[in-house]
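Asks: next one to model:
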Amino acid sequence: MTTDQAVGLTREGEGPQRATLLELFLDLVFVAALSLTSRTLARSLDWAGTLQTAVLLMAIWWVWSVTALVTDLYHAQRPPIFVMTLWVMLGTILMAGSLPGAFSDHALVFAVAYVAIHVGRGIFLASALHGRTAQLHASRFIFWFVVSAVPWLTGGLLAGTARGLLWAAALAVDYGSAWLRYPTPRLGRVPTSQYRVAADHLAERYQQFFTLALGDLILITTLAYADTNVTAERTAALLVAFAATVLLWQIYVHRAGALLQAAIESSRDPGGFVRSAPYTHLLMVAGVVAAAAGFEIVIAHPTDHTTPWLAGIILGGPALFLAGRARFEYEVFSRVSPSRLVALLVLAVAAPALVLAPALVAGLTATLVLAGVAVSDAIRAHGKPPEPPAPAL
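Replies: Next comes the predicted model:
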């Protein structure tokens, strides 16, 4: 038994785990963050606004993803991890509050909060964990987040294109170092054995966050409807947005969504799933955020012409989701359902055809494509036994 197991910090070897109320409490701050991200995108539909929103979403997502892994490895209700989780919550609130102005007056607040979350988390872990292996793991986190802090904070002090480029470089460091298992001078990489996490807990956390992202879609569309005069067209747009939300959820949970836990447990390299899950789910969450921004505009202006940018996000949102879902399915089953590929092709072809059509028609088209995928899933699943994950090679 390690020192950290003795003091009750680690989850290792304790059987099935469920998400704690503290973790669900943590998730609440991300509702605000995702909603503000969607609204920021809806108000800046151009190249600069889209790229800036992507940077902000990737930063928000990385805070949650790394924290989810930490709370998977250690008991969230233990005092050191409890304090660390509250620290992450406070930092995320600051990030969310400064998000609409992150590329203008509030840039430094956003950058400092992001850096403080990650470096502070590492310091909390290094001081709380007593086993040498665990402390080395925390030290690797600290090293790489200090490295990425340089472009984050420098970008916060600069303006214009320089800020975007520096923050993009910082995210490349954060995401790339995690994919490479945090290779650190004199400490090496994180051993693959340390990625043998509680599969049931981590799978549940990703499913919970995706459901939370769908809550963003519900919140944004409901607020958009409440902020405008009620008309038949706007009511129809709200109903279409609700149908899209239900379909996104149904497609996510079909087979692979329910079998993520089994896929992690049966794999000879569970670390591969642990390292790739953030990237596939980022695509799916980004798709929901884009769809929320698109449906906000559709509800507010259902009869206006669909601009190229609106077509891009109202159809691109489902396309991003389906691309991430296809990759997710491949990781679990080592194959991709043809319906996902056909749907991606239909969305790509429909985008230019819908330019100048009423916005409501564009939203309805996206929803009908999702409905086609959901129906295909139901037909394929009817009368077939549950499909096991692909065997490890």
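Asks: pull out the buried positions in the longest helix along the chain.
Replies: For the chain, the longest helix by residue count, based on DSSP state H, is helix 270-300. Within helix 270-300, the residues scored as buried using 16 or more other C-beta atoms under 10 Å are 270-271, 273-275, 277-300. All C-beta atoms are positioned from the backbone trio N, CA, C, and that covers glycine.
Asks: same question for stretch 365-380.
Replies: So stretch 365-380, judged by 16+ other C-beta under 10 Å, has buried residues 365-367, 369-371, 373-374, 376-377.
Asks: alpha carbons of it, as CSV, please.
Replies: Taking C-alpha atoms only, stretch 365-380 is exported to CSV below (Å, rounded to 0.1, in the frame of the first residue of the first chain):
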residue,chain,number,x,y,z
THR,A,365,-32.3,20.7,-42.4
ALA,A,366,-29.7,20.2,-39.7
THR,A,367,-32.3,18.5,-37.5
LEU,A,368,-33.5,16.3,-40.3
VAL,A,369,-30.0,15.0,-41.0
LEU,A,370,-29.6,14.2,-37.3
ALA,A,371,-32.9,12.4,-37.4
GLY,A,372,-31.7,10.3,-40.3
VAL,A,373,-28.7,9.2,-38.3
ALA,A,374,-30.8,8.4,-35.2
VAL,A,375,-33.3,6.4,-37.3
SER,A,376,-30.5,4.5,-38.9
ASP,A,377,-29.0,3.7,-35.5
ALA,A,378,-32.4,2.4,-34.3
ILE,A,379,-32.9,0.2,-37.4
ARG,A,380,-29.4,-1.3,-37.1
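Asks: return the distance of it from the chain's centre.
Replies: 23 Å (C-alpha atoms, centre = their mean, to the nearest Å).
Asks: and the contacts of it?
Replies: Here stretch 365-380 makes contact (C-beta atoms under 8 Å, 6 or more residues apart in numbering) with 240, 243-244, 247-248, 250-251, 254-255, 291, 294, 314-315, 317-318, 322, 337, 339-340, 342-343, 346-347, 350, 354.
Asks: let's see 6 Å
Replies: 240, 243-244, 247, 250-251, 254, 314-315, 318, 339, 343, 346-347, 350 (C-beta atoms under 6 Å, 6 or more residues apart in numbering).
Asks: about what we covered before: in JSON lines: the buried residues of stretch 365-380, plus secondary structure, distance to residue 201 and pLDDT.
Replies: Shown next, in JSON lines, are the buried residues of stretch 365-380 (DSSP: H, G, I helix; E, B strand; the rest coil; distance: C-beta to C-beta, whole Å; pLDDT from 0 to 100):
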{"residue": "365", "secondary structure": "helix", "distance to residue 201": "38", "pLDDT": "97"}
{"residue": "366", "secondary structure": "helix", "distance to residue 201": "33", "pLDDT": "97"}
{"residue": "367", "secondary structure": "helix", "distance to residue 201": "33", "pLDDT": "97"}
{"residue": "369", "secondary structure": "helix", "distance to residue 201": "34", "pLDDT": "97"}
{"residue": "370", "secondary structure": "helix", "distance to residue 201": "29", "pLDDT": "97"}
{"residue": "371", "secondary structure": "helix", "distance to residue 201": "33", "pLDDT": "97"}
{"residue": "373", "secondary structure": "helix", "distance to residue 201": "29", "pLDDT": "95"}
{"residue": "374", "secondary structure": "helix", "distance to residue 201": "28", "pLDDT": "94"}
{"residue": "376", "secondary structure": "helix", "distance to residue 201": "31", "pLDDT": "92"}
{"residue": "377", "secondary structure": "helix", "distance to residue 201": "26", "pLDDT": "88"}
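Asks: how close does the residue lying closest to residue 183 once chain neighbours are set aside sit to residue 181?
Replies: Spatial nearest neighbour of residue 183, excluding adjacent residues (C-beta to C-beta, 6 or more residues apart in numbering): residue 189 at 4.8 Å. Separation of residue 189 from residue 181 (C-beta to C-beta, to the nearest Å) stands at 4 Å.
Asks: which residue of those two possesses the greater neighbour count?
Replies: residue 181 (17 against 13; other C-beta atoms under 10 Å).
Asks: returning to that earlier point: could you identify the helix or strand that succeeds the longest helix of the chain?
Replies: helix 308-333 (DSSP states H and E).
Asks: what's the mean pLDDT across that next one?
Replies: For helix 308-333, the mean per-residue pLDDT is 91.
Asks: tell me which residues in that helix are buried?
Replies: Within helix 308-333, the residues scored as buried using 16+ other C-beta under 10 Å are 309-333.
Asks: which stretches in the chain count as helices?
Replies: Under DSSP H, the chain gives helices at 3-6, 21-42, 47-73, 79-98, 107-128, 132-157, 161-179, 199-226, 232-252, 258-266, 270-300, 308-333, 338-354, 359-381.
Asks: turn those helices into TSV, columns for distance to residue 185.
Replies: Output for those, formatted as TSV (distance: least, C-beta to C-beta, whole Å):
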stretch	distance to residue 185
helix 3-6	25
helix 21-42	32
helix 47-73	21
helix 79-98	25
helix 107-128	16
helix 132-157	8
helix 161-179	12
helix 199-226	29
helix 232-252	40
helix 258-266	31
helix 270-300	21
helix 308-333	31
helix 338-354	42
helix 359-381	47
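Asks: would you single out the least confident of these?
Replies: Taking the mean pLDDT of these, helix 3-6 comes last: a mean of 44.
Asks: give me the most central residue, this structure.
Replies: Nearest to the mean C-alpha position of the chain, by C-alpha atoms, centre = their mean, lies residue 282 at 3.8 Å.
Asks: wait, that residue sits on residue 61?
Replies: Yes. Taking contacts as C-beta atoms under 6 Å, residue 282 lies within contact range of residue 61: 5.3 Å.
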